[in-house]
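Participant: from the sequence below, what's the structure:
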Amino acid sequence: MSPRARRRPPARRRTRRPGKRRQRADDRLIGLLVAAALAVALMVAAVNWLLAHWWILIVIGTLAILASGGWLHQKRQRARWEAVRTRGLRYRLPQLDALHHSRFEDAVRDLLRRDGCRDAVRVGGGGDLGADVKATDPYGRHWVIQCKHRRNGLAGSAVGTPDLQVLNGTARQVHGADIAVIVTNGRVTAPAVTFAEQQRLHVVDRHTLGVWASGSRPLWELLRAVPPP
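Facilitator: Okay, the predicted model is just below:
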């Protein structure tokens, strides 16, 4: 037989029938329609029931008003107590000495809030670039504070010029400070005090910290040469 004779005739093309995917899609659509119809029916039934029992709506509304009023009253009461607590905040130096360094930063932040710096926030931690606490006083001046806690107080290591150099290099240029302060419950070396005066930095040593923490005067009234508002 010739090669042409051995060739098979071309197969007929099969007609496509609707597959299972299309059937599944139709089933899903029918299910969604049935669910939507049931939801509408339930809503209509609920509305009709509430219209027939309208007094329940009044009871629910009254309870909601009472609950919201009680919540607002508690919120205002907490705010009043917080304001009283903040205004009455006091620390003694032994208390500050016993704090962890992070809690010492919290104490400095809370004292600033007591003075009226509502946005005072602790930012100390890794990569803080010399700023442990930031705040804006009621006169609009931006404060950047670096905290140096010494567990042994005066017996601990003194704050030296290198600590102030870090604050001087970042407080204004990086953090935009109007007033740059270093706060410690320990000692400050004489060269560091001289450097601070030259660079318009402010030092809160143990004595100034004790007056500030145990009294009610704001920090800017205790520091010298603070820029005017």
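
Participant: where exactly do the strands run in this structure?
Facilitator: 121-122, 133-136, 142-148, 179-184, 202-204 (DSSP state E).

Participant: mean pLDDT and mean neighbour count added to those, as JSON lines?
Facilitator: Bear in mind the C-beta positions are built from the backbone N, C-alpha and C, glycine included. Below are the strands of the chain laid out as JSON lines (pLDDT from 0 to 100; neighbours: other CB atoms under 10 Å):
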{"stretch": "strand 121-122", "mean pLDDT": "96", "mean neighbour count": "17"}
{"stretch": "strand 133-136", "mean pLDDT": "96", "mean neighbour count": "22"}
{"stretch": "strand 142-148", "mean pLDDT": "96", "mean neighbour count": "24"}
{"stretch": "strand 179-184", "mean pLDDT": "97", "mean neighbour count": "24"}
{"stretch": "strand 202-204", "mean pLDDT": "96", "mean neighbour count": "22"}
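
Participant: pipe those strands into TSV and attach distance to Ala41 per row.
Facilitator: Shown next, in TSV, are the strands of the chain (distance: least, CB to CB, whole Å):
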stretch	distance to Ala41
strand 121-122	54
strand 133-136	59
strand 142-148	62
strand 179-184	69
strand 202-204	72
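
Participant: run a quick neighbour tally on Leu164.
Facilitator: Leu164 has 28 neighbours, counted by other CB atoms under 10 Å.

Participant: show me the contacts for it.
Facilitator: Neighbour list for Leu164: Ile182, Ala192, Phe195, Ala196, Gln199, Leu201, Val203 [criterion: CB atoms under 8 Å, 6 or more residues apart in numbering].
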